[in-house]
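Sharing a model prediction with you, sequence too.
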Amino acid sequence: MASYIAAIDQGTTSSRCMIFDHAGQVVSVDQLEHRQIMPRAGWVEHDPEEVWSNVRQVCAGALAKADLVLSEIAAVGITNQRETTVIWDRTTGKPVYNAIVWQDTRTDGIVEELAALGGGKSRYHSKTGLTLSPYFSGTKIRWILDNVDGVRERAERGELMFGNMDTWVLWNSTGGTEGGLHVTDPTNASRTLLMDLETLAWDADICAELGIPMSLLPEIRSSSEVYGYFRERGVFGGLPIAGILGDQQAATFGQACLMPGEAKNTYGTGNFLLLNTGNEPVLSENGLLTTVGYKIGDQDAVYCLEGSIAVTGSLVQWVRDNLGMIGSSPEIEQLAASVEDNGGAYFVPAFSGLFAPHWRSDARGAIVGLTRFVDRGHLARAVLEATAFQTREVIDAMNADSGVELKSLKADGGMVMNELLMQFQADILGVPVIRPVVNETTALGAAYAAGLATGFWAGEHDIRANWAQDKQWDPLMPEDRRASEYSSWKKAVTKTFDWVP
């Protein structure tokens, strides 16, 4: 009898395969980074074929590390970096261009063109729950169709396929040019700017306005069902693929935020705060996004309000790789702890504009409040505090939209091992921050979706039973200092506006 579930976690900087037992505990993990291709300022790309090669390698690695055989794996789930856009030839399987990553800002001009048609950045908000932004897949598809020679003609002839990374991995896993499945789920489809939130179907009018042939688009199915099986000659040959969730929705599911009012924040390359709002979409009036949280089989979809922050963990990587201030990412905590506060310095990492709640693509990064007193330790602290301040902004917006004050925050992702950051997060929010025992909740959420579809877990009660707290940070900062620090941060944010004409 199968004792384990596997999850493929195709992320922004790396691909992982994780294997979990019935208690939701990690049994094995293998991980490979892929290149970050930056042809010019504001452009971020990945090589889809490199990513697919890495996915195959980590699947084999995870099996080998745990010394498991295929018969011990019940099913496989997929979770992925959202919005990142791939178009490929359905006959050869070759991408027509590199994957354009969610952080990429090259489609600013397309966004302005669409906004000018009427309704501004809210033109598609009522249908899609999204603001017009280079962030989402629709404008990235349009850019490839308009700028890569011959691609629009091939797309209009039905020769090409579009997918986010979930669809790219699924198509290749299930056969590729030999019958691969062209499928996505509502959590990923809701991040394209092309899906109607109410019907969970592609919107023909929006597609026509963006000039996107609907033949490009994958079939939208639920987040938890058996879509198909791995090609027999592959690493997971014959195993069912039974779950797909975009990474932030997967983390929400893995954190057992299954009731309206429950929220989580993932601290990764960027930060993503999601609040479960139940079976009806709630449209934000405060700069948040409305997104599908998950759809389990034939059950009604569950929706979330989301605050997306573009640069958090990637700011630490930037300090490591571009400035050489630290040799490895964990070293920033020690450097930041060498001082008592930020020395009056604030770092607003608007490298690709600002996401929620500002949505300012004209903004660029800034360090403000510098004096000769500020040293490397203060800058390191300002880097970490930027993550916490941005999270506070999103939570303020979420409280305003939902009418419910957050009582505590479930936190996951790589940065939650940084205890200085977690304490400052609790301090600046004024509520407890809680880290679960299993921190890698993104992969766990995809595993849960696959396990529910195949009977490995009986229902959502099993997911709740598996969740356990590891550590809690309670706020220690006096209220007057909290207010002063946050006021200075908000002033710093305004200094980044209107930098790009």
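That came through fine.

and after the helix or strand hosting A465, which helix or strand comes next?
Using DSSP states H and E, A465 sits within helix 460-466. Later in the chain than helix 460-466, the nearest helix or strand by DSSP H and E is strand 469-473.

So for that following strand, what gets flagged as buried?
W473 (16 or more other Cβ atoms under 10 Å). (Glycine included, C-beta is placed from N, CA and C.)

by contact count, what packs against the helix or strand following it?
Per DSSP H and E, the first helix or strand lying C-terminal to strand 469-473 is helix 479-494. If you count contacts as 3 or more Cβ pairs under 8 Å, 6 or more residues apart in numbering; DSSP states H and E, helix 479-494 packs onto strand 346-348, helix 376-402, helix 419-429.

Could you measure from the most far-flung residue of the chain relative to its centre over to S488?
In terms of distance from the mean C-alpha position of the chain, R372 ranks first, at 37.9 Å (Cα atoms, centre = their mean). Distance, R372 to S488, by Cβ to Cβ, to the nearest Å: 19 Å.

for D108, same thing?
According to Cβ to Cβ, D108 stands 29 Å off from S488.

do A447 as well
42 Å.

Between the two, which is the more surrounded one?
Counting neighbours by other Cβ atoms under 10 Å for A447 and for S488 shows that A447 has the greater number, 36 against 16.

what residues are up against the more buried one?
With contact set as Cβ atoms under 8 Å, 6 or more residues apart in numbering, A447 has these partners: I5, A6, A7, M18, F20, G24, G77, G243, G254.

try 6 Å this time
Going by Cβ atoms under 6 Å, 6 or more residues apart in numbering, A447 touches I5, A7, F20, G77.

can you confirm it is in a strand?
No: judged by DSSP: H, G, I helix; E, B strand; the rest coil, A447 forms no part of a strand; its state is helix.

all helices of the stretch 151-300 of the chain, in order?
Counting by DSSP state H, counting those that start in this stretch, the stretch 151-300 of the chain has helices at residues 151-156, 165-173, 186-189, 204-210, 247-254.

The ones you listed: which one's closest to V438?
Proximity to V438 (Cβ to Cβ) singles out helix 247-254 among the helices of the stretch 151-300 of the chain, at 7.6 Å.

Need the CA coordinates for the closest one. PDB is fine.
Provided in PDB are the C-alpha atoms of helix 247-254 (Å, rounded to 0.1, in the frame of the first residue of the first chain):
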ATOM      1  CA  ASP A 247       2.200  28.500  -4.900                       C
ATOM      2  CA  GLN A 248       0.500  31.000  -2.700                       C
ATOM      3  CA  GLN A 249      -2.800  29.200  -2.700                       C
ATOM      4  CA  ALA A 250      -1.000  26.000  -2.000                       C
ATOM      5  CA  ALA A 251       0.700  27.500   1.100                       C
ATOM      6  CA  THR A 252      -2.800  28.700   2.200                       C
ATOM      7  CA  PHE A 253      -4.100  25.200   1.900                       C
ATOM      8  CA  GLY A 254      -1.000  23.700   3.500                       C
END
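
In that helix, which of the residues would be classed as buried?
Of the residues in helix 247-254, those with enough neighbours to count as buried (16+ other Cβ under 10 Å) are D247, Q248, Q249, A250, A251, T252, F253, G254.

Kindly reformat these as CSV containing pLDDT and distance to A458.
Formatted as CSV, the buried residues of helix 247-254 follow (pLDDT from 0 to 100; distance: Cβ to Cβ, whole Å):
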residue, pLDDT, distance to A458
D247, 93, 25
Q248, 91, 26
Q249, 95, 21
A250, 95, 20
A251, 90, 22
T252, 92, 20
F253, 94, 16
G254, 92, 17
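
What is the nearest of those residues to P330?
A251 (21.0 Å).

Do I have it right that that closest one meets G268?
No: counting by Cβ atoms under 6 Å, G268 is not a contact partner of A251; they are 8.7 Å apart.

Show me what counts as buried in stretch 1-17.
4-13, 15-17.

pLDDT check: weakest of those residues?
In terms of pLDDT, T13 ranks lowest among the buried residues of stretch 1-17, with 88.

Now for that one: which residues touch it?
By Cβ under 6 Å, 6+ apart, the contact set of T13 is E33.

begin at 28 from here
All right, first residue 28 from here; so that's T40.

Any figure for the gap between it and T418?
Taking Cβ to Cβ as the measure, T40 falls 20 Å from T418.

same question, W198
W198 sits 35 Å away from T418, going by Cβ to Cβ.

just K291 next, same as before
Distance, K291 to T418, by Cβ to Cβ: 12 Å.

Comparing those two, which shows the higher neighbour count?
Neighbours per residue (other Cβ under 10 Å) separate K291 from T418, with K291 holding more: 27 against 24.

Write down the beta-bridge partners of the more buried one, one by one.
Beta-bridge partners of K291, counted by DSSP bridges, are L301, K437.

Check the contact between it and A283; I expect there is one.
No: using Cβ under 6 Å, K291 is not in contact with A283; the gap is 9.0 Å.

about what we covered before: would you list the phi and psi of the residue farthest from the centre of the chain?
phi -70, psi -10 (degrees, to the nearest 10).

who's in contact with it?
No contacts exist for R399 under Cβ under 6 Å, 6+ apart.

Likewise for S388?
Counting by Cβ under 6 Å, 6+ apart, S388 has contacts D135, G380.

how does it look with 10 Å?
Taking Cβ atoms under 10 Å, 6 or more residues apart in numbering as the contact definition, S388 lies against 69, 132, 134-135, 138-139, 148, 159-162, 377, 379-382, 527.

Next: L187.
L187 makes contacts with 114-118, 122-123, 171-172, 178-181, 240, 242-243, as judged by Cβ under 10 Å, 6+ apart.

ok, the residues you listed vs G340, which is closest?
Nearest to G340 among the contacts of L187: P122, at 26.6 Å, using Cβ to Cβ.

Please tell me how far that closest one sits from L243.
Taking Cβ to Cβ, one finds P122 at 13 Å from L243.

what is in contact with the two at once?
I114, L187, M188.

If you tally nearby residues, what's the number for the residue nearest to the last one when sequence neighbours are not counted?
Yep, that's M188 we're talking about. When the adjacent residues along the chain are set aside, M188 lies closest to R117, with 5.0 Å between them (Cβ to Cβ, 6 or more residues apart in numbering). Number of residues near R117 (other Cβ under 10 Å) recorded here: 17.

Much appreciated, bye for now.
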